[in-house]
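Colleague: the sequence isn't on hand, but the structure is:
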């Protein structure tokens, strides 16, 4: 029986998505559970598997086209099954629709060239772009639903003229390689730009003696391993941040017009690097969970991230973020707030350094914490008190043993 593959709903807030990549082409055989395509949302890229075995008889939506959830993307059926009625029934958005005709499995199509990828643009915009040899994929549209209009192309031409000097008659520079931003990277760029422009951000740095912090983790790792869990420094920091946020709730808030919204839930996101992007899976209700629950939830989210199986719900709802670059040898940095959150904690490398203890110089593991906060909501003194409490907990971490229920 023929199967219609539709745009999946990956979270409660998801309303649309786009096809990022097809792993199969029309006429290809697929097995149940095999990845056939990837879809992109504003937060993640998700791999879609075939629910049944069969043949890709028709691809209905091409890469780069954004469609509502539930939109038919492809039809999987037996090689000789009649799908003509099904083709008439499936509703495909106008911008995603091509000539709908059945493709027999034996007919293997050559890959479509890049210029056949659908781009929303007015006829006059396309005409001007063609006359000037401009790739419309590089032009940002300002018309309805991002459609490229005539003025967008003209503005692009003027920017190119102003940015690139004319080459010398004797030497013509080689055309630079251009790599279009992925859907996820575009969202990151937009959100970071908005954060930088709208929130006056200040970063405070503090060096922390991690001797006891390190010893506590080592003494508890075996206990967590017996439960199949990894007790990472990040999980311990999450619990510590949750305790500090309860004492300093202004850092667990966001600005709505002229009002500060204080949040009861403490949902902490942990930045994770995947391929060419950064995603932030969120552990919910960290303030009410013990260390075992935090480690269990964290391990599960990281595994889903590595497999590309995160849902939209897994990466939304965060009220505070932790980003750790210590594994890359970074001492300190200036993290950018993930809007609409009020603050983000950057964690640097834990490194042995000489420290003055009384009249002696002792080698101790030291780590730098970088707290960036929205100065519209929080003053420097408030942020400093939060960071001081976090520093005290890291240097005296055994108070967390009460969380090991």
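Modeller: Nice, thanks for sending it over. As the structure is a computational prediction, the values presented were derived from the model and not from experiment.
Colleague: use CA for all of it now, contacts and neighbours both
Modeller: Fine.
Colleague: so how far is stretch 190-200 from its chain's centroid?
Modeller: 16 Å (Cα atoms, centre = their mean, to the nearest Å).
Colleague: I should have written stretch 230-237 there, sorry.
Modeller: Averaging C-alpha positions (Cα atoms, centre = their mean) puts stretch 230-237 21 Å from its chain's average.
Colleague: contact partners of that stretch?
Modeller: 217, 220-221, 224-225, 291, 294-295, 298-299, 322, 324 (Cα atoms under 8 Å, 6 or more residues apart in numbering).
Colleague: dump those residues to TSV, plus pLDDT, neighbour count and distance to residue 251.
Modeller: Supplementary listing: the contacts of stretch 230-237 in TSV, determined by pLDDT from 0 to 100; neighbours: other Cα atoms under 10 Å; distance: Cα to Cα, whole Å:
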residue	pLDDT	neighbour count	distance to residue 251
217	94	17	27
220	92	12	29
221	93	14	30
224	95	17	30
225	94	11	33
291	93	22	22
294	96	23	21
295	96	23	23
298	95	23	22
299	95	18	26
322	97	23	13
324	95	21	19
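Colleague: including distance to residue 259 and secondary structure, could these go into a markdown table?
Modeller: Listed next are the contacts of stretch 230-237 as a markdown table, based on distance: Cα to Cα, whole Å; DSSP: H, G, I helix; E, B strand; the rest coil:
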| residue | distance to residue 259 | secondary structure |
| --- | --- | --- |
| 217 | 40 | helix |
| 220 | 43 | helix |
| 221 | 43 | helix |
| 224 | 42 | helix |
| 225 | 45 | helix |
| 291 | 34 | helix |
| 294 | 31 | helix |
| 295 | 34 | helix |
| 298 | 32 | helix |
| 299 | 36 | helix |
| 322 | 25 | strand |
| 324 | 31 | strand |
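Colleague: how about those residues, which pair is most distant?
Modeller: 225 and 322 (23.5 Å; Cα to Cα).
Colleague: am I right that residue 398 is in a helix?
Modeller: Yes - the assignment for residue 398 by DSSP: H, G, I helix; E, B strand; the rest coil puts it in a helix.
Colleague: separation between it and residue 211?
Modeller: 12 Å (Cα to Cα, to the nearest Å).
Colleague: quick one: residue 31 and residue 54 touch, right?
Modeller: Yes - under the criterion of Cα atoms under 8 Å, residue 31 makes contact with residue 54 at 6.6 Å.
Colleague: so where's this protein shaky on pLDDT?
Modeller: Scanning the chain for pLDDT under 70 picks out the ranges 11-13, 42-43, 91-118, 145, 162-174, 182-184, 275-277, 401-405.
Colleague: among residue 31 and residue 54, which residue is more densely surrounded?
Modeller: More neighbours surround residue 54 than the other of residue 31 and residue 54, with 21 against 14 (other Cα atoms under 10 Å).
Colleague: just the residues contacting stretch 195-214, thanks.
Modeller: Defining contact as Cα under 8 Å, 6+ apart, one finds that stretch 195-214 is touched by 332, 334, 336-339, 350, 364-376, 383-384, 387, 391, 394-397.
Colleague: narrow these to those in strands?
Modeller: 364-374 (DSSP state E).
Colleague: give the residue farthest from the middle of the protein.
Modeller: Distance from the centre of the chain peaks at residue 359, with 48.5 Å (Cα atoms, centre = their mean).
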